[in-house]
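# Predicted structure and sequence below. I'll ask about it afterward.
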Amino acid sequence: LQGPQFLHIRTMKGKGFAPAEADPVGYHAINKIEAKPARRASGLRRVKPRLPKYQEVFGRWLCDMAEQDKRLIGITPAMCEGSGMVEFAKRFPERYYDVAIAEQHAITLAAGMACDGLKPVVAIYSTFLQRGYDQLIHDVALQELDVTFAIDRAGLVGQDGPTHHGAFDLSYLRCIPNMVIGAPSDENECRQMLYTAFQYEGPAAIRYPRGTGPGAIIADEMLELEIGKAVEVRKGERVAILCFGTLLPEAIAAADELNATVVDMRWVKPMDEARVIEAARSHPLLVTVEESSITGGAGSGVNALLSAHNIFTPTLNLGIPDQFIEHGSHDEQKAWIKLDADGI
């Protein structure tokens, strides 16, 4: 045949593997399947209490926020289950938009809705937000539009592997004017920072990792945090660790060995400049810690800040090095690149 031909192929996820055919959503991405542990002599196994995943923290916040503000719109590029939006989609179907695998459209749709007085929340994986970078810059940030980005899978993603690591979002977001960027350290801080970003009338992004957190108590009440304000969580000497995000437990464990100061920086942009300068002037060494690319990351922002104020305190930047990190458990990956407590 001559001329254009159109071929439409219908795929079936998991074809040939019965469990995946029966549960295509659950088997979209799976970790290594381990053998079941042997039962104890009593026939009972000790079960650890289940901690909520960050996507569940987001999903709960989204529903709570939607109840308070009818302007809230939830947008996802085909990641309803992965981003924790199932309950929101059921309860608020008229305010839920799944645009399919079209990240660029998700962001431009959010921009258009913001122009019309709505308050869109775009739930998107860090690695997928890269696909909509031009739209993020020109359709949202340039226009200073009120769009909240809930950036899931920020940092290392374990068995999801190098294609899905959220290693670059801090580097590619920091350079965009008008952006507010938050990096919560635990589940409750994530909830409160999402609320804060939503209240902010402009483009704001909150990044959080795959999986569970340290088990912080999540308050029902939502409180607006001061944007650009860090919190000192441990007072020490000689070394000050400035932690951006969920590596805070590792930073504190390392600080306990070193008797170091630890600051939960919370905000990557705007950064708490006064806190950084005070730490630099009162400690002989600064250490920045982030589960993000060292190149252009939050630590780079600290370096630039100190240079601009002619402060020459030695600074060590710890984060994801200039390489793609292979598959492994999250703990293994942190150990490989020395982002666990021992490495720090």
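Received, thanks. Numbering: from 1, shown residues only.
# any idea how far the residue nearest to residue 91 when sequence neighbours are not counted lies from residue 208?
Counting by C-beta to C-beta, 6 or more residues apart in numbering, the nearest residue to residue 91 once its immediate chain neighbours are dropped is residue 63, at 6.1 Å. Every C-beta, even on glycine, is put in place using the N, C-alpha and C of the backbone. According to C-beta to C-beta, to the nearest Å, residue 63 stands 17 Å off from residue 208.
# Just want to know which of those two has more residues nearby.
residue 208 (31 against 18; other C-beta atoms under 10 Å).
# Run a quick neighbour tally on residue 162.
Residue 162 has 14 nearby residues by other C-beta under 10 Å.
# low-scoring pLDDT stretches of the protein, where are they?
31-33, 37-48 (pLDDT under 70).
# In it, spot the strand with the most residues.
Assignment by DSSP state E gives strand 285-293 as the longest strand of the chain.
# That one: how far from the chain's middle?
In terms of C-alpha atoms, centre = their mean, to the nearest Å, the centre of strand 285-293 is found 16 Å from the chain centre.
# Helices along this protein, start to end?
18-22, 54-68, 86-91, 103-115, 126-129, 133-135, 169-174, 187-199, 248-258, 273-282, 298-308, 330-336 (DSSP state H).
# Just put these in CSV and tack on distance to residue 314.
What follows is the helices of the chain, written out as CSV (distance: least, C-beta to C-beta, whole Å):
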stretch, distance to residue 314
helix 18-22, 52
helix 54-68, 34
helix 86-91, 47
helix 103-115, 40
helix 126-129, 30
helix 133-135, 34
helix 169-174, 22
helix 187-199, 29
helix 248-258, 15
helix 273-282, 10
helix 298-308, 10
helix 330-336, 24
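# what's the closest of the ones you listed to residue 97?
When the helices of the chain are compared by C-beta to C-beta, helix 103-115 sits nearest residue 97, at 6.7 Å.
# mind listing what's buried in the closest one?
Going by neighbour count (16 or more other C-beta atoms under 10 Å), the buried part of helix 103-115 is 103, 104, 105, 106, 107, 108, 109, 110, 111, 113, 114.
# Likewise for stretch 210-230?
In stretch 210-230, counting by 16+ other C-beta under 10 Å, buried: 210, 211, 213, 216, 218, 222, 225, 227, 228, 230.
# With stretch 174-187 instead?
Neighbour-count burial for stretch 174-187 [16+ other C-beta under 10 Å]: 174, 176, 179, 180, 181, 182, 183, 184, 185, 186, 187.
# who's in contact with residue 178?
When contacts are counted by C-beta atoms under 8 Å, 6 or more residues apart in numbering, residue 178 is found next to 141, 142, 144, 202, 203.
# Now do it against residue 129, distance only.
16 Å.
# Over to residue 75?
Counting by C-beta to C-beta - residue 75 and residue 129 are separated by 12 Å.
# Settle it for me: which of those two has more neighbours?
Comparing residue 75 with residue 129 by other C-beta under 10 Å, the one with more neighbours is residue 129, at 28 against 23.
# And the more buried one, how close does it get to residue 172?
8 Å.
# now swap in residue 301 and tell me
Counting by C-beta to C-beta, the separation of residue 301 from residue 172 is 13 Å.
# What of residue 210?
For residue 210 relative to residue 172 (C-beta to C-beta), the value is 19 Å.
# Setting aside sequence neighbours, what's the nearest residue to residue 100?
Residue 100's closest residue in space is residue 78 (C-beta to C-beta, 6+ apart), at 5.0 Å.
# Quick check: phi and psi on that neighbour?
phi 70, psi 30 (degrees, to the nearest 10).
# Next, the contact list for it, please.
Residue 78 neighbours (C-beta under 8 Å, 6+ apart): 98, 99, 100, 101, 102.
# likewise residue 15?
residue 21 are the contacts of residue 15 under C-beta under 8 Å, 6+ apart.
# run the last query once more with 6 Å
Residue 15 makes contact with no residue under the criterion C-beta atoms under 6 Å, 6 or more residues apart in numbering.
# Renumber starting at 43 from here on
Understood, numbering begins at 43; the last thing we discussed is residue 57.
# nearest to residue 195, of the buried residues of helix 145-157?
residue 145 (13.4 Å).
# any idea how far that closest one is from residue 203?
From residue 145 to residue 203 the distance is 19 Å (C-beta to C-beta).
# Check the gap between residue 197 and residue 92 for me.
In terms of C-beta to C-beta, residue 197 sits 21 Å off from residue 92.
# Which one's more surrounded, the two?
Neighbours of residue 197 and residue 92, each counted by other C-beta under 10 Å, are more numerous for residue 197; the result is 29 against 7.
# these two touch, right, the more buried one and residue 333?
Yes: using C-beta atoms under 6 Å, residue 197 is in contact with residue 333, at 3.4 Å.
# Between residue 343 and residue 214, which is the more surrounded one?
Comparing residue 343 with residue 214 by other C-beta under 10 Å, the one with more neighbours is residue 343, at 23 against 16.
# Now residue 196, what are its backbone angles?
phi -80, psi 130.
# my guess is it meets residue 168, correct?
Yes: between residue 196 and residue 168 there is a contact at 4.6 Å, judged by C-beta under 6 Å.
# residues touching residue 209, list them.
Residue 209 neighbours (C-beta under 6 Å, 6+ apart): 335, 362.
# Let me know the distance separating it from residue 338.
11 Å.
# likewise residue 208?
14 Å.
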